[in-house]
Structures are given as structure tokens and as C-alpha cells.
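Chemist: Here is my input; please provide its structure:
(one chain, ligands or ions: 2)
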Amino acid sequence: MKHLNNGRALTLVLVAVLLGVLCYYITPSFRGIKLFKENDIRQENRLDADVIHVSREFHLVAPDHLQYKQPSIVHGSRTDVVTVTPWLAPVVWEGTFNPVLLDSIYNKKNVSITATVFAVGKYIMFLKNFLETAEQHFFIGFKVHICVFTDRPDEVPQVRMATGRQLTVRSVPSSKRWQEISARRMELIQSLIEEQLPNDSGYIFCLDVDSKFHGRWGTESLGGLVAVIHPGYYRDDRSKFPYERSPESRAYVAPGEGDFYYCGGAFGGLLQEVHQLAKTCRSNFESDAKEGIEAAWQEESHLNRYMWINKPSKVLSPEYLWQDFKPKNPEVHIIRFSGVIKNYAEIRPNA
Ligand code: UDP
Ligand code: MN
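Modeler: Numbering: from 1, shown residues only. Ligands and ions are numbered 1, 2, ... in the order given. The predicted structure is shown next:
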């Protein structure tokens, strides 16, 4: 009996040792941290609190000795607007962030940002202004890749781009219906990310071409899933939001539901997150189409449905997509990006 017990104890010890060895080999991240610390000590003979890289997005490493204004925990720099959602995502307004601090943090991370922009048919006329102003305001000093989708590759304007910034052009078919152009964006964004994903872990923003940058749009906008508040409805009750109201559609948002009304003209985040969004919206859009349903505002409706369930981790204020025809409201201290005034009858392929 005693002999048996000893045997069992030995087996238990052996199993424990084996499990330990196994854990050591299947958790390279732990070993990575350990090695990193050892190297660091050897090099500098001291260990800062900032060496453990847990996650790309959430671990924000600031450079030491950066001088900036002391942040207050009792007096908000903006008291006229809401700067956090009920699910605790920041809402980005001018005055809520320190651009120098954020840029230093993201410089260390060596991030890259892709921007997609569609210029199909006559919308090619907006591209020059879009690209030129992006060169002045969009992620200055960072690695930027602007991806233009167009049916008129020969008409893409030559715009001088700074070092570290590049433009690529992808051909897409022309279309007779603007609804179709706008809807196919999700499909093309999905395939672009699928091509890039294995080599790229950066961020992406999907932007309307009929718009211009007027002010900084930078690292403060980075997040997992990023949505922009539509400038047209942000002071309204949710009952006035132009969500898809027919329960047959997969973009349906029921009365009494919905947080904010977000723009279809600007959204973004980590490639993985935007891939999930584009894939879902595309699939729902296509299933609707098979049943002869087209949501009120096409992919914008599907995007709003998606964001109701999948809450954005960062919300950008209407500073990030204003409309040129709209006078500036007092809470908008800076317009960063804005839709230009256009004559729909002149530029769209159908009414
Ligand atoms: N678009 C395009 N060609 C068209 C219609 C739309 O390239 O004929 C693209 C373009 O990028 C545009 C976006 O789809 O910015 C959304 O369409 P639009 O700007 O007309 O929608 P709105 O902002 O007026 O709701
Ligand atoms: Mn637009």
C-alpha cells in the first residue's frame, strides 16, 4: 500500500515537471519579456518600468524627460462637450489630447497608416485636393500609404509626397449607380486588408474623396475600432438619426436604440478590426440585396448597425468630418477634415 502511494506521488511529481517544461515552451511571450529585461539590465544596468511590451495597441511607452503641461484630474480641459462614451471610449475633441506627447509615443511604435480613398467616375476631380491637403495634415511625420481605387488610373494627379509616404493606385470597374460604388467599397477594403494582413499590423482609415483636410489628423485618432460622429445629427435625439428602420434589413436599428450616428465617410482602426467590420457590412449588404433590400444610407447604415453592437474603442468628434456648407458650431474649435460642397446632379452617374 505504502509502495503504491510512493509510486503515485512520483507520477504526480513527474507530471508536474513535464507540465512546467511544456508551459515554458508554449509561452514564448513570457520568455521574451524575461530575455528583454536581461538584455536591458546588461546594457544600461537599470530597468525602467517601460520594457514589457504587452500589446501593441494598449501599451503606450513615452520617452523619458519629455516636458509638457501637467494634466489635471479634477479640471477637464473641455467641459462643454462629452469626452468619454458610456462604454469608456475616449471622444476626441481639440483640447483633450497632447499632440506632442502622442506623437512621441507612436513614433516609438513605428506605426504605419493606410488610407483608402475611392475616386470612381467624376469623383476623380476631388482627388488632387484630397491628396495635397493630406500631405499637409494627415499623419505628418509617420509612415503613410494612400491607396486610391479608381476606374481612371490615368487621371490620378501627380502629387509630391514626403519621404515615408507613398501612393498606390488600384483599378476598379466603373459603375452606373453611385449606390453600387459606395457599397462596393466594403468589399474592396476587405480584400485589400486580406492581401496586406500577413505583412502589416498597422492601422487603416477609409475616407471619402469629396473632402479636404484643414487641420491636424494624427496619432490622437488611433485606436482598435474608430468611428467618427456625423456632423449632421450629433445634437439630435436618437429618434431623428437616419438609421435603417425596416426590420427586414440587416442594418436595422430599433427605435430607442443606437448611441450616436456615425459617418460612412470616415472610419478606421487596426487592420484586423476594420477587416471584421468590412467583411460583416459587405456580407449583410449582399444578403439584403439578394432579398431586394437596400438600406437607407447603404454602407453607412450597415456601419451604424455594426458600431451599435461592436462599440468603437475610440470616437472622433465631428471635427474629423465636418461639411463645408455647415457653419461651425461653438464646440467645434477646429475643423480637421470636411466634405466639400458638390453638385450631386453634376458628378453622380445616376440621380
Ligand atoms: N464615390 C465615387 N464615385 C461616385 C460616387 C461615390 O468614387 O460616383 C465614392 C467617393 O469616394 C465618395 C464616396 O464614394 O466620397 C461616398 O459618396 P458621396 O461622397 O457621394 O456620399 P455623401 O458623402 O454625399 O453621402
Ligand atoms: Mn462624401
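
Chemist: Tell me the residues on the stretch 251-351 of the chain that lie near ligand 1, please.
Modeler: Residues of the stretch 251-351 of the chain that fall close to ligand 1, judged by Cβ under 6 Å from any ligand atom: 265, 339, 348-349. For every residue, glycine as well, the C-beta is placed using N, CA and C.

Chemist: In CSV: those residues, plus neighbour count, distance to residue 210 and pLDDT.
Modeler: Below are those laid out as CSV (neighbours: other Cβ atoms under 10 Å; distance: Cβ to Cβ, whole Å; pLDDT from 0 to 100):
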residue, neighbour count, distance to residue 210, pLDDT
265, 21, 8, 97
339, 21, 6, 98
348, 16, 11, 90
349, 15, 14, 90
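
Chemist: In strands, which of those fall?
Modeler: 265, 339 (DSSP state E).

Chemist: Of the residues of the stretch 251-351 of the chain next to ligand 1, which ones also sit close to ligand 2?
Modeler: Filtering these for proximity to ligand 2 by Cβ under 5 Å from the ion leaves residue 265.

Chemist: what would the residues of the stretch 251-351 of the chain next to ligand 1 look like in TSV with distance to residue 157?
Modeler: Shown next, in TSV, are these (distance: Cβ to Cβ, whole Å):
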residue	distance to residue 157
265	21
339	19
348	21
349	21
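
Chemist: Name the nearest of the residues of the stretch 251-351 of the chain next to ligand 1 relative to residue 331.
Modeler: Nearest to residue 331, judged by Cβ to Cβ, of these is residue 339 at 18.7 Å.

Chemist: pretty sure that closest one contacts residue 266?
Modeler: No. Taking Cβ atoms under 8 Å as the definition, residue 339 is not a contact partner of residue 266, at 9.6 Å.

Chemist: Overlap of the contact sets of these two?
Modeler: Listed contacts common to residue 339 and residue 266 are 208, 321; contacts here mean Cβ atoms under 8 Å, 6 or more residues apart in numbering.

Chemist: so residue 288 sits in a helix?
Modeler: Yes. With DSSP: H, G, I helix; E, B strand; the rest coil as the criterion, residue 288 is located in a helix.

Chemist: For it, give its distance to ligand 1.
Modeler: In this view, residue 288 and ligand 1 are 18 Å apart by Cβ to the nearest ligand atom, to the nearest Å.

Chemist: the strands in the stretch 51-200 of the chain, which residues?
Modeler: 91-92, 112-119, 143-150, 165-171 (DSSP state E, counting those that start in this stretch).

Chemist: For the last one, list every residue counted as buried.
Modeler: By neighbour count on 16 or more other Cβ atoms under 10 Å, the buried set for strand 165-171 is 165, 167.

Chemist: rewinding a little: let me know which of the strands of the stretch 51-200 of the chain is tucked in deepest.
Modeler: Among the strands of the stretch 51-200 of the chain, judged by mean count of other Cβ atoms under 10 Å, the one packed with the most neighbours on average is strand 112-119 (a mean of 23).

Chemist: List the neighbouring strands of that strand plus their orientation.
Modeler: Strand 112-119 pairs in its sheet with strand 143-150 (parallel), strand 203-207 (parallel), by DSSP bridges.

Chemist: To residue 317, which of these lies closest?
Modeler: Each of those was scored for nearness to residue 317 using Cβ to Cβ, and the closest is strand 203-207 (15.4 Å).

Chemist: sorry, back to before: please produce CSV containing the strands of the stretch 51-200 of the chain, extended by distance to residue 102 and mean pLDDT.
Modeler: Below are these laid out as CSV (distance: least, Cβ to Cβ, whole Å; pLDDT from 0 to 100):
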stretch, distance to residue 102, mean pLDDT
strand 91-92, 10, 98
strand 112-119, 13, 97
strand 143-150, 16, 97
strand 165-171, 19, 97
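
Chemist: Columns distance to residue 285 on top of the ones you listed, output as a markdown table?
Modeler: Putting the strands of the stretch 51-200 of the chain into a markdown table (distance: least, Cβ to Cβ, whole Å) gives the following:
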| stretch | distance to residue 285 |
| --- | --- |
| strand 91-92 | 28 |
| strand 112-119 | 15 |
| strand 143-150 | 17 |
| strand 165-171 | 20 |
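
Chemist: Relative to residue 270, tell me which of those wins on proximity.
Modeler: strand 112-119 (10.8 Å).

Chemist: and that closest one, is it in reach of ligand 2?
Modeler: No. No part of strand 112-119 sits close enough to ligand 2 to count as contact by Cβ under 5 Å from the ion; the gap is at least 9.8 Å.

Chemist: Check what contacts that strand and list those residues.
Modeler: Looking at what lies outside strand 112-119 - Cβ under 8 Å, 6+ apart - the contacts are 126-127, 130, 134, 138-139, 142-150, 152, 156, 172, 181, 185, 188-189, 192, 196, 200, 202-209, 222, 271.

Chemist: out of those residues, which touch ligand 2?
Modeler: Within the contacts of strand 112-119, those near ligand 2 by Cβ under 5 Å from the ion are residue 208.

Chemist: low-confidence ranges in the chain?
Modeler: 1-7, 9-10, 12-57 (pLDDT under 70).

Chemist: which bits of it sit near ligand 2?
Modeler: The chain has residues 208, 210, 265 near ligand 2, with proximity defined as Cβ under 5 Å from the ion.

Chemist: Pick out the residue in the stretch 151-300 of the chain sitting closest to ligand 1.
Modeler: Taking Cβ to the nearest ligand atom as the measure, the stretch 151-300 of the chain has residue 208 as its residue closest to ligand 1, at 3.3 Å.
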